[in-house]
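*Asks:* Build me a structure from this.
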Amino acid sequence: MTPLTPDIAVVGASLGGVLAAWRAAQAGCQVLLVAQEPWLGGQLTSQAVPPDEHPLIEHGGASQSYLRFREDMRRQVRALPGFLDRATLTDGTNPGDGWVSRLCIEPVWAARWLEELLAPQQAAGRLRVLRLSQLLAAQCKGADVRELLLRRHDGSVVTVRAPWYVDGTDTGELLLQARLPYRLGKEAQSEFDEPDAPPQADALDQQPVTHVLALRRQDQPGPIIAAPAGYARWREHRLPHYGHLQFSEQMPGRGRGVVSRLPWVASGQVLDWWRYRRIVSRAQWAGPRQAARADVTLLNWAQNDYALHPLLDGPLPEPAVREAARALSSSLLHWLQTEAPRHDGGVGYPEWQPAADVLGTADGLAQTLYVRESRRIVGRSTLTQRDMQAPPQQRSDAVAIAWYNLDMHPTCVSGQGCNAPVQPFELPLGVFIPAQGGNVIAGCKNIATTQLAGACTRVHPAEWAVGEVAGLLAAQALREGWPDSPAQLQRLQQSLDRAGVARHWSDDLLALAAGAAH
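*Replies:* This is a model prediction of the structure:
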């Protein structure tokens with residue numbers, strides 16, 4: 001078969017990968033986007049995670065295109081007949097009225113929006129999307145990738161040869177196949193002098209993964225899913241790093257010491273876990289549509305964080321970890337349907353049924369695993385916890401901004417996690433560029449951060465901006481190589497400014513951030 005020869009090959013249709021492909025195609029390049037799942041967009045769509053955002057997102061602090069996406073989602077739902085727009089848990093139009101985000105939306109909506117975003121570039125012949133395709137191998141010469149081998153859904157193998165590549169995978173798969181140096185898991189404190197880093201590094205001490213599941217609360221009981229293999233073991237398994245919890249025990253509410261019967265309320269406080277990631281709120285619909293729009297929530301709780309084995313480079317092969325995480329989520333659903341203590345007495349919620357339609361699957365499970373942590377390039381510079389604790393300042397090499405708590409779920413080996421505030425920060429260009437050069441650009445969670453810093457950059461608006469930078473960087477590199485001179489850096493920054501990719505925090509937003517901290 002004749003090789004595919006784009007200008008830029010983006011491997012992985014994560015949220016960052018999609019934005020990288022879009023921006024590179026917009027810049028006039030011939031782009032190939034390799035997508036493993038049916039839906040494009042990673043954590044926003046195929047992994048089924050509503051946007052995790054910083055507290056000032058309603059005022060700005062993100063790329064213009066990301067803010068436009070948010071407003072488009074709200075405008076679309078406000079235009080639907082019967083929508084009442086009366087969320088109570090957050091300010092602003094929040095379709096699901098969940099409390100994890102100000103924009104709890106159905107992943108299918110976001111998937112359609114991203115398709116519409118890419119459509120003009122596809123129609124113009126600048127972008128080709130190769131769906132249901134998996135990276136098999138990379139042939140390299142030094143740090144340069146010369147050729148990729150992909151396996152299509154029908155078993156055929158496709159060859160790709162491009163001058164430049166973007167790793168848009170959630171796991172840093174291209175870094176692995178290209179044998180580029182990368183970091184994984186916890187770094188030792190001696191490496192970057194991070195206050196919360198451990199004395200010893202451990203690549204296997206990674207954040208857990210989660211296979212998200214959509215549930216619809218019907219008026220009447222429905223079919224009970226069969227108990228998955230290993231259900232009895234999961235039912236009794238304790239989560240030692242979440243306060244010794246198991247399915248059948250009570251759980252702390254939102255980390256504040258309030259005990260709540262899973263998944264309802266305690267002491268009249270809104271801490272129930274059904275509304276945590278609710279994406280459809282029946283109370284926000286009127287008339288006949290109300291009956292059709294029964295509550296839908298996303299099951300992404302401590303109980304289905306899979307932390308027995310790390311996903312990457314561990315003793316258990318990656319496919320086995322993925323399958324185990326899937327079985328854990330199915331086991332939790334079976335327990336909820338059959339054994340969970342009911343808020344009104346008795347046990348089991350058989351009226352909670354998989355909501356397959358909102359995730360594009362037959363069983364209501366997300367199309368793929370939610371991955372919090374990736375292999376991370378060894379870059380020209382590294383973003384660390386120290387960068388996020390320092391007072392905000394404008395960097396001369398800044399290419400994007402981000403802000404989110406240092407939110408790290410208890411890890412697979414040590415069980416160490418945290419959720420600590422940080423300062424608004426900027427991303428330097430060097431975190432996108434491998435220290436040894438070559439022709440691969442980081443375009444997702446695989447930028448050069450420490451594990452602690454990556455816990456702040458893994459969320460939606462940050463990954464979105466990372467993708468935009470990667471795409472525009474690839475487009476410029478195609479013309480003139482890496483931006484090694486001040487003039488080249490300036491040209492890249494000017495292209496980012498024209499594209500509306502924020503590089504610095506405004507004084508107004510920093511003042512609001514300081515006020516929020518107090």
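*Asks:* hey, let's count contacts and neighbours off CA atoms from now on
*Replies:* Noted.
*Asks:* got the phi/psi numbers for residue 479?
*Replies:* Residue 479 adopts backbone torsions of phi -80, psi -40, taken as degrees, to the nearest 10.
*Asks:* can you tell me which residues contact it?
*Replies:* Not one residue lies near residue 479 by C-alpha atoms under 8 Å, 6 or more residues apart in numbering.
*Asks:* ok, now how distant is it from residue 488?
*Replies:* Using C-alpha to C-alpha, to the nearest Å, we find residue 479 at a distance of 11 Å from residue 488.
*Asks:* And residue 72, by the same measure?
*Replies:* Distance from residue 72 to residue 488, by C-alpha to C-alpha: 34 Å.
*Asks:* So residue 215: helix, strand or coil?
*Replies:* Remark: residue 215 carries the secondary structure label strand [criterion: DSSP: H, G, I helix; E, B strand; the rest coil].
*Asks:* Just list whatever residues bridge to it.
*Replies:* residue 297, residue 354 (DSSP bridges).
*Asks:* do you know how far it is from residue 360?
*Replies:* 13 Å.
*Asks:* Could you check which of these two is surrounded by more residues?
*Replies:* Applying other C-alpha atoms under 10 Å to residue 215 and residue 360 shows that residue 215 carries more neighbours, namely 24 against 19.
*Asks:* Okay, now stretch 419-428: how far is its last residue from its first?
*Replies:* Terminal residues of stretch 419-428 are spaced 24 Å apart (C-alpha to C-alpha).
*Asks:* Run the chain-centre distance for it.
*Replies:* With C-alpha atoms, centre = their mean, to the nearest Å as the basis, stretch 419-428 stands 17 Å off its chain's centre.
*Asks:* Repeat that for stretch 331-342.
*Replies:* Per C-alpha atoms, centre = their mean, the centroid offset for stretch 331-342 relative to its chain is 27 Å.
*Asks:* got it, and stretch 69-81?
*Replies:* From the chain centre to the centre of stretch 69-81 is a distance of 22 Å (C-alpha atoms, centre = their mean).
*Asks:* how about it: buried residues?
*Replies:* By neighbour count on 16 or more other C-alpha atoms under 10 Å, the buried set for stretch 69-81 is 69, 70, 73, 74, 77, 78.
*Asks:* Following element in sequence after the least confident helix or strand in the chain by mean pLDDT, please.
*Replies:* Every helix and strand in the chain was compared by mean pLDDT, DSSP states H and E; the lowest is strand 258-260, with a mean of 30. Remark: after strand 258-260, the chain's next helix or strand is strand 278-280, criterion DSSP states H and E.
*Asks:* Let me know the average pLDDT across that following strand.
*Replies:* Summarised as a single mean, pLDDT over strand 278-280 is 95.
*Asks:* With stretch 354-371 instead?
*Replies:* On average, stretch 354-371 scores 96.
*Asks:* Same check on stretch 206-224?
*Replies:* 96.
*Asks:* Pull it out as CSV, backbone CA atoms only.
*Replies:* As requested, the backbone C-alpha atoms of stretch 206-224 are provided in CSV (Å, rounded to 0.1, in the frame of the first residue of the first chain):
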residue,chain,number,x,y,z
GLN,A,206,1.1,6.5,38.9
GLN,A,207,-2.4,7.9,39.4
PRO,A,208,-5.2,5.5,39.0
VAL,A,209,-7.3,5.2,35.9
THR,A,210,-11.1,5.0,35.7
HIS,A,211,-13.6,3.5,33.3
VAL,A,212,-16.5,6.0,33.4
LEU,A,213,-20.1,4.8,33.2
ALA,A,214,-23.3,6.7,32.4
LEU,A,215,-26.4,6.0,34.5
ARG,A,216,-30.0,7.1,34.0
ARG,A,217,-32.4,7.2,36.9
GLN,A,218,-35.7,5.8,35.6
ASP,A,219,-39.1,5.9,37.2
GLN,A,220,-39.4,2.1,37.2
PRO,A,221,-36.9,-0.7,37.8
GLY,A,222,-35.1,-2.1,34.8
PRO,A,223,-32.8,-5.1,34.0
ILE,A,224,-30.1,-5.9,36.5
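*Asks:* List the buried residues of it.
*Replies:* Those would be 206-218, 224, for stretch 206-224 by 16+ other C-alpha under 10 Å.
*Asks:* just curious, which of the residues you listed is nearest to residue 365?
*Replies:* residue 213 (4.3 Å; C-alpha to C-alpha).
*Asks:* so the closest one touches residue 365, yeah?
*Replies:* Yes. Using C-alpha atoms under 8 Å, residue 213 is in contact with residue 365, at 4.3 Å.
*Asks:* now the helices: where do they sit in this protein?
*Replies:* 15-26, 64-78, 107-123, 173-177, 189-192, 231-236, 288-292, 318-338, 385-389, 451-457, 460-480, 486-499, 507-517 (DSSP state H).
*Asks:* and residue 46, which of the ones you listed is closest to it?
*Replies:* helix 107-123 (7.4 Å).
*Asks:* Just the CA trace of the closest one, in PDB.
*Replies:* This file holds the C-alpha atoms of helix 107-123, laid out as PDB (Å, rounded to 0.1, in the frame of the first residue of the first chain):
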ATOM      1  CA  PRO A 107     -20.300  14.000  26.000                       C
ATOM      2  CA  VAL A 108     -22.200  13.400  22.800                       C
ATOM      3  CA  TRP A 109     -22.700  17.100  22.500                       C
ATOM      4  CA  ALA A 110     -19.000  17.800  22.800                       C
ATOM      5  CA  ALA A 111     -18.200  15.100  20.200                       C
ATOM      6  CA  ARG A 112     -20.500  16.700  17.700                       C
ATOM      7  CA  TRP A 113     -19.000  20.100  18.300                       C
ATOM      8  CA  LEU A 114     -15.500  18.900  17.700                       C
ATOM      9  CA  GLU A 115     -16.700  17.200  14.500                       C
ATOM     10  CA  GLU A 116     -18.100  20.600  13.300                       C
ATOM     11  CA  LEU A 117     -14.900  22.300  14.300                       C
ATOM     12  CA  LEU A 118     -12.900  20.000  12.000                       C
ATOM     13  CA  ALA A 119     -15.300  19.800   9.200                       C
ATOM     14  CA  PRO A 120     -14.200  22.900   7.200                       C
ATOM     15  CA  GLN A 121     -10.500  21.700   7.300                       C
ATOM     16  CA  GLN A 122     -11.600  18.300   6.100                       C
ATOM     17  CA  ALA A 123     -13.800  19.800   3.300                       C
END
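*Asks:* Helix 15-26 and that one, what's the angle between them?
*Replies:* Helix 107-123 and helix 15-26 meet at an angle of 20 degrees, taking axes from the mean of the first three to the mean of the last three C-alpha atoms, to 10 degrees as the criterion.
*Asks:* buried set for helix 107-123?
*Replies:* Within helix 107-123, the residues that qualify as buried are 107, 108, 109, 110, 111, 113, 114, 118, 121, 122, counting by 16+ other C-alpha under 10 Å.
*Asks:* contacting residues around the fourth one?
*Replies:* Read it as residue 110. 44, 45, 73.
*Asks:* how close does it get to residue 42?
*Replies:* Taking C-alpha to C-alpha, one finds residue 110 at 11 Å from residue 42.
*Asks:* Let me see the domain layout of the chain.
*Replies:* Following automatic domain parsing, one finds the domains of the chain at 8-82+107-187+373-517, 209-358.
*Asks:* closest one to residue 94 among the ones you listed?
*Replies:* Taking C-alpha to C-alpha, domain 8-82+107-187+373-517 is the member of the domains of the chain nearest to residue 94, at 7.5 Å.
*Asks:* Count the neighbours of residue 241 for me.
*Replies:* The burial count for residue 241: 17, using other C-alpha under 10 Å.
*Asks:* Perfect, that will be all.
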